[in-house]
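Peer 1: could you work out the structure for the sequence below:
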Amino acid sequence: MADFFSQAEVIWFLIGLALILVELVVPGLVLIFFGVGAWVTALVCLMFNIELNTQLFIFLGSSLLSLALLRKTLRKRYMDRKSPDAELEDEYIGRTAVALNSFTAGQTGKVSFKGSTWNAESNQPVTEGQRLKITGYKSIKLFVEPIG
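Peer 2: Below you'll find the model as predicted:
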């Protein structure tokens, strides 16, 4: 068993696993690429009997290459996501709703938006059936203004 853990490919695999697991705890999206580099080195060690200096060169080279080629893509895809509030703004702000009842400025009324009934408030009087522009939201209440 002790022989198993002294083999270079096993050591590099365990280093890679440790680096990838640490990446889950430490933000930054850097350690995962060094983990990939360690796994590439483990694979090369499995196929060829190479010296430590060559192993270190392969580790550093594959780590930096994967970092340079993939970090921007992975960061954009998985880490630069909009917050839920920003997604709501994109989905609601500037869209059109229809008043289901008349209500005065500052009073809460009902509007229809995307097939659902919402509470809404306006700074201007609203009449039933009037088309309204959504200008904001808070929790489950939309803030609207008459169109035109």
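
Peer 1: now residue 43, what's its secondary structure?
Peer 2: Secondary structure state of residue 43, per DSSP: H, G, I helix; E, B strand; the rest coil, is helix.

Peer 1: nearest residue to it other than its sequence neighbours?
Peer 2: residue 9 (7.5 Å; Cβ to Cβ, 6 or more residues apart in numbering). To be clear about C-beta, it is placed using only N, CA and C from the backbone, and glycine gets the same treatment.

Peer 1: residue contacts, the one you found?
Peer 2: Contact analysis of residue 9 by Cβ atoms under 8 Å, 6 or more residues apart in numbering lists 42-43, 45-46.

Peer 1: could you redo the last one with a cut-off of 7 Å?
Peer 2: By Cβ atoms under 7 Å, 6 or more residues apart in numbering, the contact set of residue 9 is 42, 45-46.

Peer 1: burial count for residue 138?
Peer 2: Close neighbours of residue 138, defined as other Cβ atoms under 10 Å, add up to 8.

Peer 1: between the contacts of residue 9, which sits nearest residue 124?
Peer 2: Nearest to residue 124, judged by Cβ to Cβ, of the contacts of residue 9 is residue 42 at 67.9 Å.

Peer 1: where does the closest one land on pLDDT?
Peer 2: If you check residue 42, the pLDDT there is 94.

Peer 1: I'd assumed residue 12 was in contact with it.
Peer 2: Yes - the criterion here is Cβ atoms under 7 Å, and residue 42 meets it with residue 12 at 3.6 Å.

Peer 1: Three-state assignment for the nearest residue in space to residue 117 that is not next to it in sequence, please.
Peer 2: For residue 117, ignoring the flanking residues on the chain, the nearest one in space by Cβ to Cβ, 6+ apart is residue 110 at 5.5 Å. What three-state DSSP gives for residue 110 is strand.

Peer 1: who is residue 110 paired with across the strands?
Peer 2: For residue 110, the beta-bridge partners under DSSP bridges are residue 119.
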